[in-house]
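Visitor: Here's my sequence, what's the structure:
(one chain, ligands or ions: 2)
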Amino acid sequence: MPELTQSVRLDVDGEIAVITIDNPPVNALSFHVRQGIYDGMHAAAADDAVKAVVLICAGRTFIAGADITEFSKPPVPPSLQGAQDAMENCTKPVVAAVHGTALGGGLEVAMCAHFRVAAPGAKFGLPEVKLGLLPGAGGTQRLPRVTGVAKALEMMTSGEPIGSAEALDCGLVDRVADAEGHDALLAAAVGFARQVLAEGRPLTRIRDRSDKLAHDPGVFADIRQKIAHRTRGFLAPEYNIRCIEAAATLPFDEGLAVERKLFGELMSGNQSKAQQYYFFAEREAAKIPDIPKDTPITKVGKAGVLGGGTMGGGIAMNFANVGIPVTIVERDEESLARGLSVIRKNYERSAARGSISSDDVGTRMALISGSVDKGDFHDCDILVEAVFEDLELKKSVFAEFDSIAKPGAILASNTSALDVNAIAAATTRPESVIGTHFFSPANVMKLCEVVRGEKTAPEVIASTMALAKQINKIAVLVGVCHGFVGNRMLFMRGIEGEKMLLEGATPAQIDKVIHDFGFPMGPYAMNDLAGLDIGWKAEKSSGSTVRELMCESGRRGQKNGRGYYVYDPETRAATPDPEVEEMIRAFARSRGGEPRTLSDQEILERCLYPMVNEGAKILEEGIAIRASDIDVVWINGYGWPLYTGGPMFWADTIGLAEVAARINENHARLGGEHWKISPLLQRLADEGGTFQKLGAKR
Ligand code: 3HC
Ligand code: NAI
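Guide: Ligands and ions are numbered 1, 2, ... in the order given. As a prediction, this is how the structure comes out:
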């Protein structure tokens with residue numbers, strides 16, 4: 001019987017046994033896969049006719065890792081180690097044949113084979129760090145023994161995979177097949193196994209090697225310094241480093257014990273739970289309950305962007321980056337030239353940093369054309385409007401789009417808060433109108449809120465979601481309301497921040513609390529970066545908010561060196577401005593306020609709980625499909641720390657009863673609509689429920 005378990009089979013062809021894993025979608029190491037490898041290895045070892053074993057996978061990829069869905073459940077035997085031992089200790093050559101991605105536990109299994117043969121496009125990586133973990137099946141001890149310490153540090157702290165050519169170069173792979181495809185890979189692996197037999201090659205176990213472990217003593221301090229900024233607050237990168245230190249200094253089994261201990265600590269902690277939750281949350285966001293997977297989509301062969309300013313330029317780059325020709329239309333030649341030159345400078349900066357080649361600069365610029373005539377949009381499959389945030393202007397622009405765009409073209413607005421239904425109503429084809437709310441800088445930030453209007457057609461939604469994926473964005477579908485999901489919640493933090501300033505907190509104190517929580521920057525530093533005068537008009541300013549006062553006193557933020565902070569013209573270093581603090585105190589006094597000291601805990605709660613409350617209202621109203629979509633928005637659009645899972649998951653981990661109690665107390669003490677508890681949140685708190693368990697709506 002070739003079937004060993006539901007997902008693993010064993011075929012014997014002469015002297016070669018082939019164990020094939022077929023566990024769609026990604027051949028994760030579910031219990032029946034572990035059992036199958038174990039049984040297959042023992043059967044092959046016991047069969048005297050078999051002289052060598054090839055382990056290969058069916059479908060789109062080699063084993064992509066442990067089955068993450070099993071992590072939250074009680075352990076199911078057999079352990080992976082039994083299967084790995086059976087491979088590593090086999091007295092017959094074992095060859096892993098790798099295509100697609102050998103990730104995490106998948107690579108750890110492959111490293112227990114004596115040899116590895118790869119398809120040309122195969123990738124190898126230990127991405128556990130991205131799940132708040134470290135490789136827990138010997139990978140931390142085996143990888144440095146194959147690739148050397150420095151390379152292993154790079155791979156395990158970034159979680160990024162390497163390709164076949166690099167894997168061959170550093171010794172992780174013994175041979176690369178000539179062509180892609182299951183048959184070509186199997187033939188290459190079987191051929192390699194026969195050659196090993198013919199040559200009588202020794203079977204070296206990676207665990208017994210130490211030839212690559214010599215390292216520069218500064219290598220650990222260097223990597224810690226290099227990743228410090230990017231990984232602030234995360235536990236897993238440091239734990240991965242400690243395991244490699246153990247590999248470099250201790251015997252294999254002692255290193256393995258370190259790995260096991262640190263893996264256990266990470267696995268039982270909140271960070272890895274949050275990061276695993278996020279892994280699935282990001283994938284869930286692509287699923288729209290009322291839009292079937294097979295909804296026909298419009299392929300975008302050419303795009304148009306109206307407005308080549310801060311956002312339009314970045315949006316155009318997104319298209320060019322994936323080879324889609326794009327036309328930018330500006331209101332005059334001067335603005336057009338400025339927009340195009342900013343794009344060129346951005347590309348040149350990327351080339352100088354080495355993230356793209358200098359040829360790429362030319363190729364991408366050649367895909368971007370400029371015009372001052374909207375008529376040039378006539379053959380575009382999508383038009384993205386990125387002009388000033390003014391509803392009347394947007395309506396008139398969309399009326400023009402309606403008369404120019406070809407039938408079936410997607411008409412998208414990059415508005416950050418305005419009513420997409422009102423914009424759609426300015427056209428005779430509201431079913432083609434949708435919001436695509438990119439985040440600044442649009443060529444860098446991963447998030448795109450896709451805003452579904454009342455009349456937006458399912459095909460337009462499906463096409464826009466697919467296009468967002470094509471241009472490497474994480475798209476989250478949201479409904480129409482002021483500010484959609486992200487900005488609507490941000491406004492709540494802003495309202496409470498202003499109140500706390502008037503009560504006696506300083507911008508620097510609020511920023512520090514938010515930064516310490518894990519955001520890259522606090523709200524006031526962020527406002528300074530974006531520009532304090534966005535949406536501010538001198539003639540309408542009445543000195544009624546701190547921000548208006550700032551603008552009236554000539555403070556524009558980083559761009560003129562003065563905002564909530566004073567900026568060093570050379571280094572751009574920010575220093576709190578005593579004049580600003582005095583201005584806020586005077587303003588507070590004029591309103592009868594007596595300054596007091598606010599604790600960091602009070603500031604944190606008052607910044608974040610109104611956001612959770614608003615998130616619950618957003619769910620209630622069906623503006624977001626599911627709570628995890630809100631988390632995906634906040635993590636990718638605003639830098640909410642991934643290791644806390646996003647606002648809704650974070651609230652779940654605190655306990656909704658506690659969160660609701662604090663919101664109700666604050667409502668009684670401070671008043672305000674944003675503190676009025678969401679009935680949904682109150683219900684979940686009363687029932688002992690969580691946002692996570694709510695599921696999807698619509
Ligand atoms: N366990 C369970 N399900 C998984 C999975 C895993 N390791 N990896 C992917 N899936 C699921 C996804 O949830 C998705 O399900 P859905 O279709 O129901 O939404 C489906 O497989 C397809 O995944 P993607 O949409 O991500 O498909 P792509 O083709 O874009 O990417 C991939 C494929 C590169 C393999 C990507 O899925 C990926 O990076 N997976 C995670 C790899 C990983 O982190 N491995 C390490 C796991 S931890 C580990 O091994 C611990 C060990 O050290 C003991
Ligand atoms: P911007 O002021 O940098 O750019 C707007 C551009 O549109 C200017 O170059 C202007 O010349 C051009 N323009 C104005 N009217 C035009 C017309 N009738 N025809 C052709 N071009 C015209 O503004 P920014 O920041 O790029 O914002 C654009 C839109 O994106 C706004 O709706 C804004 O709310 C939204 N947005 C902005 C974000 C940001 O952080 N800047 C973030 C997300 C959305």
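
Visitor: Next, count neighbours for residue 599.
Guide: The number of residues packed near residue 599 is 10, by other C-beta atoms under 10 Å. Placement of C-beta: from N, CA and C, glycine included.

Visitor: Give me the pLDDT value at it.
Guide: Residue 599 carries a pLDDT score of 98 in this model.

Visitor: The residue lying closest to residue 330 once chain neighbours are set aside sits in which helix or strand?
Guide: Nearest non-adjacent residue to residue 330, counting by C-beta to C-beta, 6 or more residues apart in numbering: residue 336, 3.8 Å away. Using DSSP states H and E, residue 336 falls within helix 333-353.

Visitor: CA-only coordinates of that helix in CSV, if you can.
Guide: This file holds the C-alpha atoms of helix 333-353, laid out as CSV (Å, rounded to 0.1, in the frame of the first residue of the first chain):
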residue,chain,number,x,y,z
GLU,A,333,3.2,71.9,-16.5
GLU,A,334,5.0,73.3,-13.5
SER,A,335,3.2,71.0,-11.0
LEU,A,336,3.7,68.1,-13.4
ALA,A,337,7.4,68.7,-13.7
ARG,A,338,7.7,69.0,-9.9
GLY,A,339,5.8,65.7,-9.4
LEU,A,340,7.9,63.8,-11.9
SER,A,341,11.1,65.0,-10.5
VAL,A,342,10.2,63.9,-7.0
ILE,A,343,9.4,60.5,-8.4
ARG,A,344,12.8,60.3,-10.2
LYS,A,345,14.6,61.5,-7.0
ASN,A,346,12.8,58.7,-5.0
TYR,A,347,13.9,56.1,-7.4
GLU,A,348,17.5,57.5,-7.5
ARG,A,349,17.6,57.4,-3.7
SER,A,350,16.5,53.7,-3.8
ALA,A,351,19.2,52.9,-6.4
ALA,A,352,21.8,54.7,-4.2
ARG,A,353,20.8,52.6,-1.3
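
Visitor: which of the residues in that helix are buried?
Guide: 335, 336, 339, 340, 342, 343, 346, 347, 350, 351 (16 or more other C-beta atoms under 10 Å).

Visitor: Distance to residue 512 and pLDDT for these - can I get that in JSON lines?
Guide: Output for the buried residues of helix 333-353, formatted as JSON lines (distance: C-beta to C-beta, whole Å; pLDDT from 0 to 100):
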{"residue": "335", "distance to residue 512": "39", "pLDDT": "98"}
{"residue": "336", "distance to residue 512": "42", "pLDDT": "98"}
{"residue": "339", "distance to residue 512": "37", "pLDDT": "98"}
{"residue": "340", "distance to residue 512": "40", "pLDDT": "98"}
{"residue": "342", "distance to residue 512": "33", "pLDDT": "97"}
{"residue": "343", "distance to residue 512": "36", "pLDDT": "98"}
{"residue": "346", "distance to residue 512": "31", "pLDDT": "97"}
{"residue": "347", "distance to residue 512": "36", "pLDDT": "98"}
{"residue": "350", "distance to residue 512": "32", "pLDDT": "97"}
{"residue": "351", "distance to residue 512": "36", "pLDDT": "97"}
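
Visitor: need the contact list for residue 333.
Guide: residue 372 (C-beta atoms under 8 Å, 6 or more residues apart in numbering).

Visitor: let's see 6 Å
Guide: Residues in contact with residue 333 (C-beta atoms under 6 Å, 6 or more residues apart in numbering): none are found.

Visitor: now that we're looking at it, how far away is residue 341 from it?
Guide: Distance, residue 333 to residue 341, by C-beta to C-beta, to the nearest Å: 12 Å.

Visitor: for the record, mean pLDDT for the host helix or strand of residue 449?
Guide: Assigned by DSSP H and E, residue 449 belongs to strand 447-452. Strand 447-452 shows a mean pLDDT of 98.

Visitor: Get me the contact residues on the stretch 101-250 of the chain for ligand 2.
Guide: Taking C-beta under 6 Å from any ligand atom, no part of the stretch 101-250 of the chain reaches ligand 2.

Visitor: Just the closest residue of the stretch 101-250 of the chain to ligand 1, please.
Guide: Distance from ligand 1 to each residue of the stretch 101-250 of the chain (C-beta to the nearest ligand atom) is smallest for residue 104, at 2.5 Å.

Visitor: any idea how far that residue lies from residue 518?
Guide: Using C-beta to C-beta, we find residue 104 at a distance of 25 Å from residue 518.
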